[in-house]
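Novice: sequence unknown, structure follows:
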């Protein structure tokens, strides 16, 4: 790859290979996630169980726990990666990510407030309350960012504003935590590590609807997204309604990441690292190529991270953010160190 | 070039600061407008405001009637393409993808490029010579190459207006010059180019107009010549006098030097497809009078046999001065000298005798137009990419003009309407509502472009030559050519209008006028008149020559009462009875019941036949004169072209006798040569199709589908 760089030629191709590899990785990862766990189910047995055989317990584990979890991981992992891609294209900045705009902080604040003031302290990480609170918090923050975007001329300023909003939310959360009882905030701590556990089919359905809708919209916006590669000034001169698309892109990205945050809590680094890696791999930034690639790669990343989270120190489950950070942060560092001229 | 882009009351700047205001400018289609000014003057601000990047503080930008500010971004993208000064860093985009982005406004929902889009992209890249960079990463090429790619992107957007902010940044000398050439080509193809430039020399060289901006001051716009002539650059940049002189003295003298011969004749025809230099010119097509090559004005008397040099410039063997640009100054001097000589002879000739040869000689010298060229051009026309004969009379006119002018590519660039003015004695009989003085007054007004015909002619760029053949009332006007035979004819009711000698003198004067036109390389001539009472004389002439009854060929002329009309008819009858003109001798008819104007017009028609100039018949008086000419010399008929169908009843009688059908019916009955101006437009069109239309071959059309039709036509002719 470095050789190509210096020659200046953009060698592409091998898209088929990359996509095939990603697809294969998704399938293998899905299989592994379904098969492995504290109770191992051999791959061959999976099919048997699905068709009606196997023990009651195994069927329960498979259909009520493993499969929904695996589906959610795929959906949410993909959603996060695409969310990150949208923001990176838009800001023209490779370290832009859904959490940079303070969305996760807003969600966390909302969840914290909900746990402390509304719920009684039940441990239900997928409780409707928490989901709604996280969604609400994320969207309120998004709303604030959108309002700001109308008044701000350059996207770089918006990025800074988002970071500030994040800080404010974090500070308020910390403030609340200071005066809370341990029993209440234990849930919060667990939740803020991010986890894919405790998903049921209802969650899967809801997430699938939201993610599908957002993905369809994203695909429909492929043209303007591509135009933004040349910068806002040129995009406007080519006929893109820049103000409108600013809002649309932020909304789409936020919808996707809010969805993830609502169901799985804040999952970090997927949004930053995956799009960056895909861009480098595919040497293209065109939406029709990048969007599916990011989705698949995000799914892969999360599937394997979730596997590690579950298996590494079984039966203790690590928070997913822990794993993704450990895997993802080095990537970000590498990326910062090896930036092109 | 029509008004294409209007800046109205524009005020540009930032919310806290107005940079420029009260900008009112009409920019023409195909114009290149350069914006110059010192750093920080507001050039970029102005361009960004026009393109919509910055919000207008006031005023509006109107393009073809639409306010751009009210258009959506998508609509605006189809009108204007930009090249900005901002650095962009697209991730992983090839140069081709960057240029393809220019097709954004035209591709569908998903932005997929159609084959046509891809073609346009390739063409744009070829134009800017970045094809070899197609597959390279945009971020990996040099700044100059990036700039060219971005210009290619703007070209690919294929908009009527191109806005370029400092397009020559980063470009080396060669690419800078090439970019200017490309922009000139684009302007020639109809794109309007607005750009800001730091290089004044480039701006002066390539722009049609230059806009000088300075923060806080009113903007000023003018041609490069005006910019230099008024020393605007010195004031704009606050340059010390010596520096300004040193830098611009040469350019100034080059652009502002020529006085007697106006430059624009030679420099402004950007629509000439060989502009700016006759690269690869086809010999037959090389007939653009207004081309960059000023030497073309030398015309055939520069030598006649020419060849094309390697640069495609016409080089005459045997010519005194080869047609190269370096000889421009010498040629201009020659032309100026020639102009001076011509005006001197014109001034001296107030009462010269008509041409040496007699009328008989002239008539015998008239030959039919070249049949060979007619066939050649008909062949050329049949090869043009259109259904055969679908341009009807325009085609036949083109062929006929070519045969008359003896040029394979006829010309209608220099057009003249010769207006013969004279007074008639018959006005004493009160056959006209207008008094006799009107002749003189209108003749003078005609030289000023104030009459019906002359105002149209002025608009169209047709020349008007007013000739006094016998105006009765005194007047003062240097522009009217004096060939007065007498101050008005005698009353035809009482006797002959003039003597035979006078008649012959008048006709020969007409012939000499045609000769003068020929010498001055006039391409087509329209024959008009001005003379109170001449519809009466014309009615008499037509009645005699066609045998029609006076009542049938007498009209209301300038407008008279019913009583006066009856008197008019009676006058015509009496005039014919008393004078008994010989219908077989047109000169006799003219002498007895005609007028100086009619006789001279007849002479002009004969002269045009002799000298090979297409002549256009105007209204009833013109038709009467044409009838005389054709009766004198039948071969003359092939040189005549009709114009409008006059409302006057005598007109159709004369035209039927001539066997010529008028071209259009506009309910006109003014005379003066007004119909000729319209016919000139048709003749210009005829020349244009031969000049510009593509043949089937060039258009890439396989015309074998026409074989059948051609065969059928051939069979019909056989």
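Specialist: In hand now; what should we look at? Every value quoted in this text rests on a predicted model; they were computed, and no experiment measured them.
Novice: quick one: residue B:61 is in a helix?
Specialist: No: applying DSSP: H, G, I helix; E, B strand; the rest coil, one finds residue B:61 to be strand, outside a helix.
Novice: residue B:8 contacts residue B:58, correct?
Specialist: No: contact between residue B:8 and residue B:58 fails when scored by Cβ atoms under 8 Å: they sit 9.8 Å apart. For glycine as for every other residue, the C-beta is placed from the backbone atoms N, C-alpha and C.
Novice: ok, now which ones touch the residue of chain A found nearest chain B?
Specialist: Nearest residue of chain A to chain B (Cβ to the nearest Cβ) works out as residue A:239 at 3.2 Å. By Cβ atoms under 8 Å, 6 or more residues apart in numbering or on different chains, the contact set of residue A:239 is B:72, B:73, B:74, B:75, B:76, B:77, B:78, B:104, B:105.
Novice: just the buried ones from these?
Specialist: Buried members of those, counted by 16 or more other Cβ atoms under 10 Å in any protein chain shown: B:73, B:76, B:77, B:104, B:105.
Novice: excluding sequence neighbours, find me the nearest residue to the fourth one.
Specialist: Just to be clear, that refers to residue B:104. residue A:238 (4.0 Å; Cβ to Cβ, 6 or more residues apart in numbering or on different chains).
Novice: show me the strands in the stretch 551-700 of chain B, by range?
Specialist: Remark: strands assigned in the stretch 551-700 of chain B by DSSP state E, counting those that start in this stretch are B:615-617, B:640-641.
Novice: residue B:604 is nearest to which of these?
Specialist: Nearest to residue B:604, of all the strands of the stretch 551-700 of chain B, is strand B:615-617, at 6.9 Å by Cβ to Cβ.
Novice: chain center to that closest one, what's the gap?
Specialist: When distances are taken as Cα atoms, centre = their mean, to the nearest Å, strand B:615-617 is centred 18 Å away from the chain's centroid.
Novice: again, but for stretch A:210-220
Specialist: Distance, centroid of stretch A:210-220 to centroid of chain: 14 Å (Cα atoms, centre = their mean).
Novice: could you verify my assumption that residue B:576 touches residue B:593?
Specialist: Yes: contact criterion Cβ under 8 Å: residue B:576 and residue B:593 qualify, at 6.4 Å.
Novice: more neighbours, those two?
Specialist: Between residue B:576 and residue B:593, residue B:593 has the larger neighbour count (other Cβ atoms under 10 Å in any protein chain shown), namely 29 against 20.
Novice: so what's the more buried one closest to, chain neighbours aside?
Specialist: What sits nearest to residue B:593 in space, not counting adjacent residues and going by Cβ to Cβ, 6+ apart, is residue B:540, at 3.8 Å.
Novice: same deal with residue A:78?
Specialist: With sequence-adjacent residues excluded and distances taken as Cβ to Cβ, 6+ apart, residue A:78 is closest to residue A:295, at 3.7 Å.
Novice: and for that neighbour, the neighbour number?
Specialist: With other Cβ under 10 Å as criterion, residue A:295 counts 26.
Novice: is it in a helix, a strand, or coil?
Specialist: Put simply, residue A:295 is helix when judged by three-state DSSP.
Novice: next up, the contacts around it.
Specialist: Residue A:295 neighbours (Cβ under 8 Å, 6+ apart): A:78, A:79, A:81, A:82, A:215.
Novice: what do you get for residue A:206?
Specialist: Each residue near residue A:206 by Cβ under 8 Å, 6+ apart is listed here: residue A:263.
Novice: pLDDT score for residue 148?
Specialist: Answering for chain A, as no chain was given. For residue A:148, the pLDDT comes out at 79.
Novice: chain B was what I was after
Specialist: Reported pLDDT for residue B:148: 92.
Novice: that one against residue B:126, yeah?
Specialist: No: counting by Cβ under 8 Å, residue B:148 does not reach residue B:126; the two are 11.5 Å apart.
Novice: which of these two has more neighbours?
Specialist: Relative neighbour count places residue B:148 above the other of residue B:148 and residue B:126, with 27 against 11, counting by other Cβ under 10 Å.
Novice: which parts of chain A sit against chain B?
Specialist: With Cβ under 8 Å from any Cβ of the partner chain as the criterion, chain A meets chain B at residues A:5, A:8-10, A:92, A:220, A:222-223, A:226-227, A:229-231, A:233-234, A:236-242, A:279, A:282-286, A:288, A:340.
Novice: now the residues you listed: which count as buried?
Specialist: For the residues of chain A next to chain B, buried by 16+ other Cβ under 10 Å: A:10, A:92, A:222-223, A:226-227, A:229-231, A:233-234, A:236-240, A:242, A:279, A:282-286, A:288.
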